[in-house]
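Undergrad: for reference, the sequence and a predicted model appear below.
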Amino acid sequence: MLSFFSTAAGWQLYAGVGDRGRPLAVRAGAPAAVHLAQDVSGRLWAAAGPGAAHLVRISLPGLAPEPVPRPGGRIGALAAAPEDGRLLVTALPQSTRDVVELRLWEGAGWRTMGVDPPPHISTSLAWLSGDLVVYESVYRRLAVLVLGGERAAEITEGRLPAVAALRPAWYAVTGRRVLEFDVTFPYRQHPVRGFRFGAVSALSFSPGGAACLWTESRFPYRVKGFGQRRGGRRFRVRSLDRGAGIVLSQGLR
């Protein structure tokens, strides 16, 4: 496993889970990356720059960025398809009369996906398999959508949907608990075992679900970063206090 972090100092790549030790690669001065996802080819996607309006693919382990045509507006979240090179993002509204939109990249351009109910402005995205994705709706409920359909199925209250690409499960926060959901209907759920979570405000599982990076809210208006391997001790990840991070696989194929 690898861990990628974006902070004010640039991008850093570490071996293992967390930011301890000497980084494997550094790109000083790289633009702040806010939203991150790894695709099936092993490349890292990032929404970066002022207002998270730019999209780049980042090669590993060299951290070389490759620009991708912008979807338009600010990006609020992104998720990569587990089987191919598609990418889904939320495009944030430009005015109070607009709603959050889902936009799909299929390699040649962007396509707006009409969906009811609309995503919440703070949603993350989890791409489960095929055309099945999960988001948080404006009603603060977890919604499962088949891309191409116009109506999502809301299943329960929750937020921060996340996925482990090589594990047949997905995750979300309900109340103060992090739950694991089946990937097939009726999406049975149970508390995640082997991790010690607090008041989670961001969540990133490794592709196999064996490790996790997350942040916890701290009063007033602060977050603290943590990491843990399943069944191990949790530890501080200070790069997450001031930036974004993700646990990566060295090869998903």
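TA: On my side now, so go ahead. Residues are numbered from 1 along each chain as shown.

Undergrad: S204 - how many residues pack around it?
TA: 27 (other C-beta atoms under 10 Å). Heads up, the C-betas are built off the backbone N, CA and C, glycines and all.

Undergrad: show me the contacts for it.
TA: By C-beta atoms under 8 Å, 6 or more residues apart in numbering, the contact set of S204 is 36, 162, 212-214, 245-247.

Undergrad: let's go with 6 Å and repeat that
TA: Going by C-beta atoms under 6 Å, 6 or more residues apart in numbering, S204 touches 213, 246-247.

Undergrad: same question for the strand or helix carrying it, mean pLDDT?
TA: Assigning secondary structure by DSSP states H and E places S204 in strand 200-205. The average pLDDT within strand 200-205 is 95.

Undergrad: okay, the angle between the helix or strand following that strand and strand 200-205?
TA: Next along the chain after strand 200-205, taking DSSP H and E as the criterion, comes strand 211-218. Using axes from the mean of the first three to the mean of the last three C-alpha atoms, to 10 degrees, one finds that strand 211-218 and strand 200-205 are set 170 degrees apart in direction.

Undergrad: quick one, helices of this structure?
TA: Secondary structure of the chain (DSSP state H): no helices located.

Undergrad: so where is it shaky, pLDDT-wise?
TA: For the chain, the stretches with pLDDT under 70 are 251-253.

Undergrad: quick one: contacts for E101?
TA: Applying C-beta under 6 Å, 6+ apart, the residues near E101 are 91, 112.

Undergrad: re earlier: could you dump the contacts of S204 to TSV with neighbour count and distance to G158?
TA: Shown next, in TSV, are those (neighbours: other C-beta atoms under 10 Å; distance: C-beta to C-beta, whole Å):
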residue	neighbour count	distance to G158
L213	26	19
I246	21	21
V247	25	21
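
Undergrad: ok, A164 to R70 distance?
TA: With distances taken as C-beta to C-beta, to the nearest Å, A164 is found 29 Å from R70.

Undergrad: give me the more crowded residue out of those two.
TA: More crowded of A164 and R70, by other C-beta under 10 Å: A164, with 22 against 15.

Undergrad: isn't the more buried one right next to L203, touching?
TA: No: here A164 does not reach L203: they are 10.8 Å apart, not a contact under C-beta atoms under 6 Å.

Undergrad: just to revisit the earlier point, so what strands line up beside the strand holding S204?
TA: Its sheet considered, strand 200-205 pairs with strand 211-218 (antiparallel) by DSSP bridges.
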